[in-house]
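[1] This is the structure alone, sequence omitted:
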């Protein structure tokens, strides 16, 4: 299976498999998930296309990596299929765990230093110190997140009729970064027209802004690692990229 195909499968998982939990996102309390209306199904089905149309955005992502909570800050360019970020411990008193990443569908380049240019902080990328490796979501939850980020953009919408027939659900309206956003559970992968077993968790929760593009995504990676991604509503800063991350495979 190519890295591109594996990445696509990860996003299919984000749209069609079990597990994942919904954060409160500023919600007032528990809400009863509702069957999608035709309009909601169309909005959810078009979200990845809306992202692609934005080009590139800044993001922040939180996850547990090697026993410590880390924060990724950077940008993802959906048109060029490239991403760039700095990884740092959330707790500044915790030693280690910092570094920088650039990646495409085939390769991830890792740098042990905090390279400000990698998250849009200005300056130039250093020409040395990068370790290039095949990106591998099967052995690394971090690599899995990187591929999910790339695949949040797509050049065509999903099928809204299939979404409407699935057990995808509208959760309600939350506040994300001070503005309203509609929250949705993605479908669980149960057969069309049925619902997921009682008590099952869902792999991905999506929050869509007024224009229908994603502003927050929460996804389960592996057995228990939950990553929460905040996507800026504004264009990404200009991030330089290494020139050998490989074309989409």
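    Arrived safely. Predicted model, so just to flag it, every value in this text is computed and none were measured. Numbers count the residues shown, from 1 in each chain.
[2] how close does residue 108 sit to residue 176?
    According to C-beta to C-beta, to the nearest Å, residue 108 stands 28 Å off from residue 176. C-beta here means a position set from N, CA and C on the backbone, and glycine is covered the same way.
[3] Show me which of these two is the more surrounded one.
    residue 108 (25 against 21; other C-beta atoms under 10 Å).
[4] Who does the more buried one form a beta bridge with?
    Residue 108 has these beta-bridge partners by DSSP bridges: residue 103, residue 133.
[5] And the next helix or strand past the helix or strand residue 218 falls within?
    Secondary structure here is read from DSSP states H and E; on that basis residue 218 sits in strand 214-221. Once the chain leaves strand 214-221, the next helix or strand it forms, by DSSP H and E, is strand 225-235.
[6] Mind checking the pLDDT average for that following strand?
    Mean pLDDT, strand 225-235: 92.
[7] Mind telling me what element the spatially most central residue of the chain is part of?
    By C-alpha atoms, centre = their mean, the chain has its centre lying nearest to residue 149, at 4.0 Å. Per DSSP H and E, residue 149 falls inside helix 141-150.
[8] Give the buried residues for the next helix or strand after that helix.
    Tracing the chain past helix 141-150, the next element assigned as helix or strand by DSSP H and E is helix 160-165. Taking 16 or more other C-beta atoms under 10 Å as the neighbour-count basis, helix 160-165 is seen to contain the buried residues 160, 163, 164, 165.
[9] cool, and stretch 49-66?
    Using 16+ other C-beta under 10 Å as the test for burial, stretch 49-66 gives 49, 50, 51, 54, 56, 57, 58, 59, 61, 62, 63, 65.
[10] Now render the residues you listed as TSV, adding pLDDT, distance to residue 214 and secondary structure.
    TSV is the format used below for the buried residues of stretch 49-66 (pLDDT from 0 to 100; distance: C-beta to C-beta, whole Å; DSSP: H, G, I helix; E, B strand; the rest coil):
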residue	pLDDT	distance to residue 214	secondary structure
49	95	11	helix
50	95	8	helix
51	94	6	helix
54	92	10	helix
56	93	13	strand
57	95	9	strand
58	96	13	strand
59	97	10	strand
61	97	13	strand
62	97	16	strand
63	95	17	strand
65	89	22	strand
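[11] For residue 59, give its distance to residue 79.
    In this structure, residue 59 and residue 79 are separated by 15 Å, where distance is defined by C-beta to C-beta.
[12] so where is the protein shaky, pLDDT-wise?
    Low-confidence regions of the chain, defined by pLDDT under 70, span residues 1-30, 93-96, 189-203, 246-249.
[13] Repeat the analysis, applying 90 as the threshold.
    Residues of the chain that meet the criterion pLDDT under 90 lie in 1-32, 65-67, 91-97, 121-123, 127, 167, 186-204, 220-225, 233-238, 243-249.
[14] Which residue ranges of this protein form strands?
    Along the chain, the stretches classed as strands by DSSP state E are 34-35, 56-65, 68-77, 82-89, 99-103, 107-111, 130-134, 169-176, 179-185, 204-208, 214-221, 225-235.
[15] any chance of the ones you listed in a markdown table, plus distance to residue 156?
    A markdown table is the format used below for those (distance: least, C-beta to C-beta, whole Å):
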| stretch | distance to residue 156 |
| --- | --- |
| strand 34-35 | 25 |
| strand 56-65 | 19 |
| strand 68-77 | 18 |
| strand 82-89 | 20 |
| strand 99-103 | 23 |
| strand 107-111 | 25 |
| strand 130-134 | 27 |
| strand 169-176 | 23 |
| strand 179-185 | 19 |
| strand 204-208 | 17 |
| strand 214-221 | 16 |
| strand 225-235 | 20 |
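[16] what sits against the nearest residue to residue 163 once chain neighbours are set aside?
    Residue nearest to residue 163 in three dimensions, not counting chain neighbours: residue 41, with 4.5 Å by C-beta to C-beta, 6 or more residues apart in numbering. Residue 41 makes contact with 160, 161, 163, 164, 168, according to C-beta atoms under 8 Å, 6 or more residues apart in numbering.
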